[in-house]
Every structure is written in C-alpha cells, then in structure tokens.
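*Asks:* below: sequence and its predicted model.
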Amino acid sequence: MSKSQHQGSAMGDLEMIPSAASAALRRDSGELVFMLGRAVEVVQACTASGIAVLGIEVFSGLNVSTYDLHVKDPANEKDWPDYVRTNNALAEDFLRKNPAPSSSECILTTASWREFGDIRRQAKYQSE
C-alpha cells in the first residue's frame with residue numbers, strides 16, 4: 001500500500017496550513033490538488049510547519065516522485081525535523097526539475113509527526 005493510500009477523506013494536517021488550503025484547487029479522493037506552479041510554495045509552508053512531503057504525483061501521466069524510497073524513516077520524534085527538511089528539499093528539487101508544465105496539477109502526499117505515527121501503526125497492524 002502506498003503512503004498516499006493511508007490518507008483518508010478526513011481533514012489532514014496539511015489543510016491546517018492557511019497558505020496550503022488557499023492554494024488548493026480541489027480535493028481528489030480525499031487529497032488536495034495543487035497547480036504544479038504553486039507546489040513549491042506549499043512545500044515550503046509544509047517545511048515551516050513541520051510537515052513532511054512524502055511524495056508527489058503529477059497528473060500528466062505517470063510522473064511520480066521516488067525520492068522517498070531513499071530516505072530512512074525517523075526513529076523517533078527527535079529525528080522528525082531533519083526528516084522533514086530532507087524530504088521537503090528533495091520534493092522542491094523534484095518540482096523544480098519536473099518537465100511538466102506549471103499548469104499541470106499535482107497531489108502532495110504529506111504527514112505530520114502525528115500522522116506519520118498513525119501510518120506506521122496502521123502498517124504494523126496490517127502486517128500482523
């Protein structure tokens with residue numbers, strides 16, 4: 001199961017960031033959809049709010065980030081700020097280098113420390 005499948009239709013911590021909520025075009029399957037041209041500013045707002053961008057899906061084909069596959073999950077909350085900075089710097093790099101037009105739409109799969117813990121507990125429960 002992908003990290004994005006863990007996000008339900010309930011309001012996530014990403015939506016609590018005013019600039020992210022106002023930048024969203026709409027919801028798709030419970031996740032906020034952004035214009036690619038505004039996504040870097042949303043990632044920066046996530047960084048300032050302690051929310052990790054775990055992955056990015058650009059809607060113009062199968063244009064999906066893979067940087068999250070190379071980032072080690074944090075062992076505890078003390079490691080979370082470094083995890084956020086690393087993931088989000090890679091997310092910004094992915095967005096800046098993406099060949100899709102800035103008018104393309106994308107979904108940012110995100111998690112706060114609280115949401116990340118929920119994802120890990122759910123994954124552990126499902127593997128038992």
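*Replies:* Arrived safely.
*Asks:* contacts and neighbour counts: CA atoms only from here.
*Replies:* Will do.
*Asks:* from memory D68 sits against L54, does it?
*Replies:* Yes: with contacts counted by CA atoms under 8 Å, D68 reaches L54, the gap being 5.9 Å.
*Asks:* the two: who's more crowded?
*Replies:* Neighbour count, other CA atoms under 10 Å: between D68 and L54, L54 has more, with 24 against 18.
*Asks:* pull the number of nearby residues for D28.
*Replies:* The burial count for D28: 10, using other CA under 10 Å.
*Asks:* gap between it and A111?
*Replies:* When distance is defined by CA to CA, to the nearest Å, D28 is 17 Å away from A111.
*Asks:* so for A10, what's the pLDDT?
*Replies:* A10 is assigned 54 on the pLDDT scale.
*Asks:* er, Q5 I mean
*Replies:* In this model, Q5 carries a pLDDT of 38.
*Asks:* please apply the same query to S60.
*Replies:* Reported pLDDT for S60: 72.
*Asks:* and for I56?
*Replies:* I56 is assigned a predicted lDDT (pLDDT) of 95.
*Asks:* how about stretch 57-73: buried residues?
*Replies:* Buried residues in stretch 57-73, defined by neighbour count with 16 or more other CA atoms under 10 Å: 57-59, 64-65, 67-68.
*Asks:* start to end distance for that stretch?
*Replies:* First-to-last residue span, stretch 57-73, CA to CA: 20 Å.
*Asks:* do the same with stretch 63-78
*Replies:* OK, stretch 63-78 end separation, CA to CA: 32 Å.
*Asks:* right, I'll call it a day here.
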